[in-house]
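[1] take this sequence and fold it.
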Amino acid sequence: MLVTEQNNRSNQHHALVLAAVVAVLILLLALKWHLAVLALPLAWCVYHLMRRRTLRRIKVIAEPLPAAWEEVLQQNVVFYQALDEAGRERFRNLVKVFIDEVPVTGIRTDVDDTTHVLVAASATIPIFGFEDWEYAGLGEILIYPGAFNEDYQTDQGLSRNTLGMIGVNHLSGVMILSKPDLISGFRNHKDKRNVGIHEFAHLVDKADGSVDGLPNRVAGDAAAPWISWVAEELKRDPKAREEIDDYAYTNEAEYFAVLSEYFFEAPELLQQRHPEVYAMMRKMYHQDTKSFLSAVKPRARRVGRNSPCPCGSSKKYKKCCSRRTRRGMKLTV
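    Numbering: from 1, shown residues only. Have a look, this model is predicted:
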């Protein structure tokens, strides 16, 4: 999503070449159809269309990050806090481009700075180790006021166990996230649960066209061990791995997404208990999260039982996140 000097030159070169081809074709046709007058205007339009996104990204990256967005990152995103200044600058630029290009829409809830920035942070963390990445096909993110059911309903009294999903069929290109669970995923660091990272891990997985638990960015020497490991893991009784959320054992795609949460939230623990898994995920994501995340101490947050829940649900803490001992997440494919 970022524009480097190299890919800017490449984009400019391809735009010039295509514009020149269009101009030449029109001039050749003009011998018979007298269309020469259209050659330059159409060539300019082609050049502009080819350059439009790159030039817009350059402009967005050049603008400073709003102070309110910086505050959200500083207060909530431990991954961002752990980076050096060069890493933070890259993170900020990725956030700016994502927010500029991907609509985030509230459904019966508002999308404030915290929500917007945490969505962008969720998108940035999994792809931070990739030099060039595009979330192709992601058209919009819908923010729901809470967990929802298979009919996308959030009404009280209904069975609601879905905190996030990437859509298929008529919802293809759409992601849905529960607002309070998105926020609590960042504020409850090291609990190995982050619905934003979970859903964007699915999109990393889906980049090759298939949500199968094996991203196309997996290095050749990591693919076979990962496939073998997951195949054996899914044969296990989930209770045999108490430190891994039971939902990981739904299928290969969910195992990858749940372990991605683990990798980005508690890398030191993952490396201690499953060094082979940590090594494989390090290769898949091109990141060594343990090397910089383990040393960060999240800012302490004292929340009384009767205080407003920090997840933003407007409920008392004792009736909201304090009662959450497990969760069910569903990917509809």
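
[2] when you work out contacts or count neighbours from here on, use the C-alpha atoms and nothing else.
    Fine.

[3] could you report the neighbour count for residue 184?
    20 (other C-alpha atoms under 10 Å).

[4] that one belongs to a helix?
    Yes. Assessed by DSSP: H, G, I helix; E, B strand; the rest coil, residue 184 belongs to a helix.

[5] so which strand or helix has the closest residue to residue 198 other than its chain neighbours?
    Of all residues not flanking residue 198 in the chain, residue 257 sits nearest, at 5.0 Å (C-alpha to C-alpha, 6 or more residues apart in numbering). For residue 257, the host element (DSSP states H and E) is helix 252-265.

[6] backbone torsions only: list them for residue 144.
    phi -100, psi 160 (degrees, to the nearest 10).

[7] please name the bridge partners of it.
    Beta-bridge pairing of residue 144 under DSSP bridges involves residue 178.

[8] just give me the neighbour total for it.
    Neighbour count of residue 144, defined by other C-alpha under 10 Å: 26.

[9] one more: the one 3 residues further on?
    Number of residues near residue 147 (other C-alpha under 10 Å) recorded here: 25.

[10] equivalent analysis for residue 188, please.
    When neighbours are defined as other C-alpha under 10 Å, residue 188 has 18 of them.

[11] and it, how far is that from residue 216?
    According to C-alpha to C-alpha, to the nearest Å, residue 188 stands 30 Å off from residue 216.

[12] if we can go back for a sec, what does the helix holding residue 257 contact?
    Here helix 252-265 makes contact (C-alpha atoms under 8 Å, 6 or more residues apart in numbering) with 79, 125, 189-194, 197-199, 201-202, 205, 211-214, 230-231, 234, 244-245, 247-249, 270, 278, 281, 289, 331.

[13] helix or strand next in line after it, which one?
    Next along from helix 252-265, by DSSP H and E: helix 267-273.

[14] tell me the mean pLDDT over that next one?
    The average pLDDT within helix 267-273 is 93.

[15] for it, buried residues please.
    267-270 (16 or more other C-alpha atoms under 10 Å).

[16] follow-up on the earlier one: need the pLDDT of the residue nearest to residue 198.
    What the model reports as pLDDT for residue 257 is 96.

[17] so where is the chain shaky, pLDDT-wise?
    The model of the chain has pLDDT under 70 over residues 31-35, 155-160, 217-220, 297-333.

[18] how much space between the residue nearest to residue 198 and residue 43?
    45 Å.

[19] higher neighbour count, these two?
    Neighbours per residue (other C-alpha under 10 Å) separate residue 257 from residue 43, with residue 257 holding more: 25 against 22.

[20] domain ranges for the chain?
    Listed by automatic domain parsing, the domain ranges of the chain are 5-62, 69-323.

[21] could you check how far the shortest one is from the centre of its chain?
    The chain centroid and the centroid of domain 5-62 are separated by 32 Å, computed with C-alpha atoms, centre = their mean, to the nearest Å.

[22] roughly how far apart are the residue positioned nearest the centre of the chain and residue 169?
    With distances taken as C-alpha atoms, centre = their mean, residue 123 lies nearest the centre of the chain, 2.2 Å away. Between residue 123 and residue 169 the computed distance is 22 Å (C-alpha to C-alpha).

[23] same question, residue 225
    Note on residue 225: its distance to residue 169, by C-alpha to C-alpha, is 32 Å.

[24] what about these two, which has more around it?
    More neighbours surround residue 225 than the other of residue 225 and residue 169, with 14 against 8 (other C-alpha under 10 Å).
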